[in-house]
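Asker: Sequence and predicted model, in that order:
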Amino acid sequence: MSTLDKICELLDRQGKKQKDLTDFLGISKNSFTDWKSGRIKSYTKHIPKIAEFLGVSTDYLLGTQKENPAANSDEALMFALWGGDTSDITSEMLADVRKFAQFIREKKKDDSQ
């Protein structure tokens, strides 16, 4: 799986949109379209920020780490938040938790500046 395929898969799994990523990176939404078409590979210079946005390591995105450690953390996170029974957790709920965590990270970053 290519780096860009991993990025797209993680966006989908996390309920995030391409626009969310391009906004986070401060680039035009057309850049992502160009990446997907294969016309340009400028995303490589953004790998550290993309990894931060998606909550994975740069090694995972680049293929030097085969398994995504965050993939197994969803269940542990939800178990901790819901106090044990995760049977009623939906993917939308998990996406909301991730969005909230991103909000907190951004707020903390803003507060420290």
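Answerer: It's in. Every value quoted in this text rests on a predicted model; they were computed, and no experiment measured them.

Asker: Just list what the longest helix along the chain packs against, helices and strands only.
Answerer: Using DSSP state H, we find that the single longest helix of the chain is helix 91-111. Applying 3 or more C-beta pairs under 8 Å, 6 or more residues apart in numbering; DSSP states H and E, one finds that helix 91-111 makes contact with helix 73-82. Where you see a C-beta, it was placed from the backbone N, CA and C, and this is true even at glycine.

Asker: May I have stretch 38-50 exported as CSV, CA atoms only?
Answerer: Once non-C-alpha atoms are left out, stretch 38-50 reads as follows in CSV (Å, rounded to 0.1, in the frame of the first residue of the first chain):
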residue,chain,number,x,y,z
GLY,A,38,-0.1,11.3,-9.4
ARG,A,39,0.8,14.6,-11.0
ILE,A,40,2.8,15.8,-8.1
LYS,A,41,4.2,14.2,-4.9
SER,A,42,4.6,17.3,-2.8
TYR,A,43,2.8,15.5,0.0
THR,A,44,6.2,14.0,0.9
LYS,A,45,7.4,17.3,2.4
HIS,A,46,4.2,17.3,4.6
ILE,A,47,4.6,13.7,6.0
PRO,A,48,5.4,14.8,9.6
LYS,A,49,2.4,17.1,9.8
ILE,A,50,0.2,14.5,8.0
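
Asker: The longest helix of the chain: which residues count as buried?
Answerer: Burial within helix 91-111, assessed by neighbour count using 16 or more other C-beta atoms under 10 Å, is assigned to 94, 98, 102.

Asker: what's the closest of the residues you listed to residue 63?
Answerer: Residue 63 lies nearest to residue 98 out of the buried residues of helix 91-111, by C-beta to C-beta, at 23.2 Å.
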